[in-house]
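Chemist: quick one, fold the following:
(chains A, B and C)
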Amino acid sequence: MDEILLTHPINPEELLWFLSRGFDDPIYSVRENSIFRAFLFADKKFLVKITPGTRSVKIEWLCGERTEENAAFVKSFISEWFDLEEDITSFYELLKADDRLSYMAEEFYGLKLVGMPDLFEALAWAIIGQQINLTFAYKIKRRLIEKYGDYINHDSSRYYIFPSPGTIAAADIEDLRKMQLSGSKTAYLKNIALAFIEGKIDKTILRSLPDSVSRRNLLTAQKGIGVWTANYVLMKSLRDQTAVPFGDAGLINALLNHGIIANKTELQDMHQLFERFKGWEAYLVFYLWRSLAPKPDNPLISIESN
DNA sequence: CTCCAGGTATTTT
DNA sequence: AAAATACATGGA
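Modeler: Next comes the predicted model:
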């Protein structure tokens, strides 16, 4: 049993809820307060069971060899995935200062920004999700991962690993189209997989760039990566707080719900809001998204339900 | 049938 | 430079 001790407490219920919030992400499964996920590291596959608590996250090895290297990799991956090291106290101070958002500091207390440490997965996911509803997007992601992803079978369940850029670069265009990826998205995916293979994009390169703007420019140089996708990926995979997917349909709807903007085109008030949340922009987006898919007891929807 | 969905590229003003 | 449009396809 491995364990990550937390300096800053988290809310395990919120985390587990978010991970299983009515969508079907094929990259992990959530059962009985634990998260199951398969990993590939140094050509070895393994499966772990992750059980988050308030002050620690427990990691149990279910399949594959537990070496010190593997354990270190998984711990670091999980820490990044769930943003375990960030102290979000000052974000809560900002929330509390806003009458329309202050409830979030209690309602979602201890919710950390769930990221996507695998940059290729984040890019592929962002492209799949462009301009289609999330339910459909997750279906496509599942088809993609079930056809091209490696996996581990364990206890009559299959745990998938997201396909590598090499696999997608070699994938047949017709097969991708059959998954109901549009023609242009198919081309985008292949193109981006190629960019990874050619070493044009990776996390090290992105991190070596001096600012958000140059990171965004590196990404948007690829066809299929527009401003929204670049910011989404920088937010989810590099935890760039200043990368806000402005124009995002969900973000706009959340702002409308909270009465922060009055319509979808006049976004001055949105920019003012983000100005006040400097340094915590990505967290603000994440919490606003969180507000869109509330728990049954969330006041925001109990009003309209029936 | 309509409108929309965690947009992007291209073409037209 | 800004605005309109084509694209693509399921979900509600």
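Chemist: for residue A:35, give me its contacts.
Modeler: A:16, A:19, A:28-29, A:49-52 (Cβ atoms under 8 Å, 6 or more residues apart in numbering). Heads up, the C-betas are built off the backbone N, CA and C, glycines and all.
Chemist: what's downstream of the helix or strand it falls within, the next helix or strand?
Modeler: Assigned by DSSP states H and E, residue A:35 belongs to strand A:34-41. Scanning forward in sequence from strand A:34-41 by DSSP H and E, the next helix or strand is strand A:44-52.
Chemist: elements contacting that following strand?
Modeler: Judged by 3 or more Cβ pairs under 8 Å, 6 or more residues apart in numbering; DSSP states H and E, the packing partners of strand A:44-52 are helix A:12-19, strand A:34-41, strand A:56-63, helix A:68-81, strand A:150-154.
Chemist: which strand or helix spans residue A:236?
Modeler: Using DSSP H and E, residue A:236 falls in helix A:227-237.
Chemist: residues touching the closest residue to residue A:149 other than its chain neighbours, list them.
Modeler: Setting aside the residues directly before and after it, residue A:149 is nearest to residue A:160 in space (Cβ to Cβ, 6 or more residues apart in numbering), at 4.3 Å. Contacts for residue A:160 (Cβ under 8 Å, 6+ apart) come out as A:26-27, A:38, A:145-146, A:149-151.
Chemist: my guess is residue A:52 meets residue A:18, correct?
Modeler: No - with contact defined as Cβ atoms under 8 Å, residue A:52 does not count as touching residue A:18 (11.1 Å).
Chemist: neighbour count: the two, which is higher?
Modeler: Taking neighbours as other Cβ atoms under 10 Å, residue A:52 and residue A:18 compare with residue A:52 leading, 24 against 21.
Chemist: residues of the strand holding residue A:35 that come out buried?
Modeler: For strand A:34-41, burial by neighbour count (16 or more other Cβ atoms under 10 Å) applies to A:34-40.
Chemist: surely residue A:226 and residue A:220 touch.
Modeler: Yes - Residue A:226 is within contact range of residue A:220, at 6.4 Å (criterion: Cβ under 8 Å).
Chemist: ok, residue A:52 - contacts?
Modeler: Here residue A:52 is in contact with A:10, A:12, A:15-16, A:33, A:35, A:58, A:82 (criterion: Cβ under 8 Å, 6+ apart).
Chemist: before we move on, what about residue A:168?
Modeler: Taking Cβ under 8 Å, 6+ apart as the test, what residue A:168 contacts is A:124, A:148, A:189-190, A:193.
Chemist: and residue A:215, by the same measure?
Modeler: Residue A:215 neighbours (Cβ under 8 Å, 6+ apart): A:206, A:209, A:230, A:234, A:238, A:240, A:243.
Chemist: report pLDDT for it.
Modeler: Residue A:215 carries a pLDDT score of 97 in this model.
Chemist: what do you get for the one 10 residues further on?
Modeler: According to the predicted model, the pLDDT of residue A:225 comes to 97.
Chemist: compute the number of surrounding residues for the closest residue to it other than its chain neighbours.
Modeler: Distances taken as Cβ to Cβ, 6+ apart place residue A:219 nearest to residue A:225, at 4.8 Å, with adjacent residues excluded. Counted by other Cβ under 10 Å, the residues lying close to residue A:219 total 25.
Chemist: got any ranges where chain A has weak pLDDT?
Modeler: Per-residue confidence for chain A (pLDDT under 70) gives these ranges: A:294-306.
Chemist: for DNA strand C, give me its nearest residue in it.
Modeler: residue A:182 (3.0 Å; Cβ to the nearest atom of the strand).
Chemist: next one: residue A:206 from residue A:233, what distance?
Modeler: 9 Å (Cβ to Cβ, to the nearest Å).
Chemist: need the nearest residue in space to residue A:42, chain neighbours excluded.
Modeler: Here the residue nearest residue A:42, using Cβ to Cβ, 6+ apart, is residue A:69, at 6.7 Å.
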